[in-house]
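>>> Following is a predicted model, sequence given first.
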Amino acid sequence: MASLQASNFHLVSSSSKQIRAAISVPKLPSIQISIPKVQTNNKSLSEGLNNRNGFIKTDQKNAINTTLPQLAGSPKMASVQQLYAILEAVADRVEMHNNIGEQRENWNALLLNSINMMTLTAATMAGITATGGAGVSVLGLKLASTLLFSSAAGMLVIMNKIQPSQLVEEQRNATRLFKQLQSQIKTLLAIGSPRKEDAKNAMEQVLALDKAYPLPLIGVMLEKFPETLEPAVWWPKTKTQSPKARNSYNGNNNGWSEELEMEMREIIEVIKRKDSEDYERLGNKALKINKFLAKAGPILTGVAALSSGFMDSSNGHWAAILAAAAGSLASAVNTFEHGGQVGMVFEMYRNNAGFFKLVQESIESNLNEPDFEKRENGEVFETKVALQLGRSLSQLRDVAKKASYSRIEGSPIDEFASKLF
């Protein structure tokens, strides 16, 4: 057994020597590579870890605090802050005009219903008195109808003075225009790089809108019955520039060309001779109708009140008939004036005339500017005018061509510039 283990050990040792000899690898030459030493600083590593964990050292906080006041005091940051302050005021104006518009719309409905109910009730009493029925207290009907007619006449005078339907339309227009200004300021802030002039212009637009659509009813209320229609003006007054010699057209004209200038001039002529003239004519008609109705309603109610005072059972039948007829007719007139919202129609025409005046002034201000760089981009401006008038670019150019041909031939223009109103 011992001899067997010795022979096995001899075989294993000899085989292992043979395997070692078979897989021997020659030695490679040694190559020395110089690696620069990285200086590690436990302090800097801890600062980096602290910064990653959200901790900032005191000296770094001081550095940030010193840079923030410099950024806040820069002209750009000041303009941004001013625009945000104006934006908050504009949002408050939108809510305020919207709420007051709803309130004044309720005024119109409640006052009209109350006055008509009082007038018709008094007219019914006068009619009963005119029949001369037995057992009817003529004195009581006479007193009640006279008081109702007198109260309705007084309330109607106040209602015709303030014109609630026209006030409601003013608040609607103010809400829409303030929302438009709000979106313009938001776009300006989203684009970035606002200038000091942008904040100044936005402030002037807010003040112009406040002046164009005042909220109080005493003192600064808009004239409800002017002599003639005057277009509404809700934008700041621009400095009128006399036409100057413009720069010659070269490679960079900010999107403007001679063809575009001629097109814009023809659009101005169409607006003057068709749109503005037509809306001023319609607005003056609505103004005359509103004046007539505003006078006729209180007069008829007053006649009914006077007639009801002379009613009696013996010889006052004609007075009672007149009171009943005048009261019924006054109710119909009031319904047509305030239920039909004639004042609102007049305000709508006035606002539309102002819109065309604004388009006309914006075109003229760009054309009178000799420096192309100070103008609004021509292609963008053409698109804006086309959208304001409810037309595509091709339709706008067709209108300008037709206007040019009509002017050369001496024939009247048969098409309006706007397709919206």
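Everything's here; your move. Numbers count the residues shown, from 1 in each chain.
>>> how about the helices of this structure, start to end?
For the chain, applying DSSP state H gives helices covering 2-22, 42-52, 58-72, 75-131, 138-162, 164-191, 196-212, 258-270, 277-309, 317-334, 342-367, 378-388, 393-409.
>>> Out of those, which is closest to residue 229?
Minimum separation from residue 229 across those (C-beta to C-beta) falls at helix 277-309, 3.8 Å. (Glycine included, C-beta is placed from N, CA and C.)
>>> got the contact list for the residue lying closest to residue 389 once chain neighbours are set aside?
Among residues not flanking residue 389 along the chain, residue 418 sits closest, at 4.5 Å (C-beta to C-beta, 6 or more residues apart in numbering). By C-beta atoms under 8 Å, 6 or more residues apart in numbering, the contact set of residue 418 is 271, 275, 356, 388, 389, 390, 391.
>>> what's the answer for residue 97, then?
Applying C-beta under 8 Å, 6+ apart, the residues contacting residue 97 are 171, 174, 175, 178, 213, 215.
>>> Buried only: go through those for me.
Buried members of the contacts of residue 97, scored by 16 or more other C-beta atoms under 10 Å, are 171, 174, 175, 178, 213.
>>> Redo the residues you listed as TSV? Include pLDDT and distance to residue 80.
Listed next are these as TSV, based on pLDDT from 0 to 100; distance: C-beta to C-beta, whole Å:
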residue	pLDDT	distance to residue 80
171	95	31
174	96	26
175	96	26
178	97	21
213	94	28
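>>> Now the two most distant members of the residues you listed.
171 and 178 (10.3 Å).
>>> Sketch out the low-pLDDT regions of the stretch 151-300 of the chain for me.
Along the stretch 151-300 of the chain, segments meeting pLDDT under 70 span 239-249, 251.
>>> what's the burial count for residue 235?
The local packing of residue 235 (other C-beta atoms under 10 Å) involves 17 other residues.
>>> Tell me which residues touch the closest residue to residue 334 other than its chain neighbours, please.
Spatial nearest neighbour of residue 334, chain neighbours left out: residue 297 (5.0 Å); criterion: C-beta to C-beta, 6+ apart. Residue 297 is in contact with 156, 160, 330, 333, 334, 337, counting by C-beta under 8 Å, 6+ apart.
>>> What of residue 326?
300, 301, 303, 304, 307.
>>> and residue 102, how many residues sit next to it?
That count, for residue 102 with other C-beta under 10 Å as the rule, works out to 12.
>>> Tell me who's in contact with residue 308.
122, 125, 126, 142, 145, 146, 149, 319, 320, 323.
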